[in-house]
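> the sequence and its predicted three-dimensional model are supplied below.
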Amino acid sequence: MKQYWLMKSEPDEVSIDDLMAAPRHTMPWFGVRNYQARNFMRDGMRPGDGVLFYHSSCPQPGVAGVAEVASGAYPDHSQFEEGGKYFDAKATQEQPRWISVDVRGLKKTALLPLSEMRQMPELEDMLLLKKGSRLSITPVTPAQWKVITDRLKA
DNA sequence: GCCAACGTTGGC
DNA sequence: GCCAACGTTGGC
């Protein structure tokens, strides 16, 4: 059963344009350092799942495009890069702590701003919109997916 | 830059 | 296992 997700990225780090410009529109999703988000990737995601690509921590936060999960989970290389921003001294090759999946961009869309999503009654239960929600990866229900992707086409 | 909310760490 | 202190996220 296909599932749906929302994945946050800071456009200064990786924007929807960066994703679409990558070879085969595909990039590894690295740098997740939160267990709940990791577990969603590890236990919930399957290739072909739908992804809303969300721009966060920027002047215009919102959904910037549609993507899909393009691989299963594998160890996040950045945890082993000593001196790197995402290095984790407690991770080993034998016992990796963090994982990545590949994400393939399907299309860049007109930005659906967070402010507008907050005004859509159908989205009031979205995890993204809950007070205090900071998870970089959240599940999206099929109904929410439909409302949002329909809106992105309009 | 502010700050609310949440997650993690570490002493006990 | 508790919980205070600290760090991070992310909208504004």
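Thanks, I have the structure now.
> let me know how buried A:Lys2 is, in neighbour terms.
For A:Lys2, the count of nearby residues is 11 (other Cβ atoms under 10 Å). The way it works is simple: take the backbone N, C-alpha and C, and place the C-beta from them, glycine included.
> correction: the previous question concerned A:Met126.
The burial count assigned to A:Met126 is 20, neighbours taken as other Cβ under 10 Å.
> for A:Arg46, same thing?
Close neighbours of A:Arg46, defined as other Cβ under 10 Å, add up to 13.
> got a pLDDT number for A:Val140?
We have a pLDDT of 97 for A:Val140.
> quick check: bridge partners of the nearest residue to it once chain neighbours are set aside?
Spatial nearest neighbour of A:Val140, excluding adjacent residues (Cβ to Cβ, 6 or more residues apart in numbering): A:Tyr4 at 4.0 Å. On the basis of DSSP bridges, A:Tyr4 is bridged to A:Gly50, A:Val140.
> close enough to count as contact, A:Tyr4 and A:Ala143?
No. Applying Cβ atoms under 8 Å as the test, A:Tyr4 and A:Ala143 come out as separate, 9.8 Å apart.
> and A:Thr138, how far from DNA strand C?
According to Cβ to the nearest atom of the strand, to the nearest Å, A:Thr138 and DNA strand C sit 9 Å apart.
> and the helix or strand hosting that residue, what other elements does it pack with?
Taking DSSP states H and E as the definition, one finds A:Thr138 inside strand A:137-140. Packing contacts for strand A:137-140, counted by 3 or more Cβ pairs under 8 Å, 6 or more residues apart in numbering; DSSP states H and E, involve strand A:4-9.
> avg pLDDT for the strand it packs on?
Average pLDDT, strand A:4-9: 98.
> chain center to that strand: distance?
When C-alpha coordinates are averaged (Cα atoms, centre = their mean, to the nearest Å), strand A:4-9 and its chain have centres 3 Å apart.
> then stretch A:144-154?
17 Å.
> enumerate the positions of that stretch that are buried.
Of the residues in stretch A:144-154, those scored as buried under the neighbour-count criterion (16 or more other Cβ atoms under 10 Å) are A:Gln144, A:Trp145, A:Val147, A:Ile148, A:Thr149, A:Arg151, A:Leu152.
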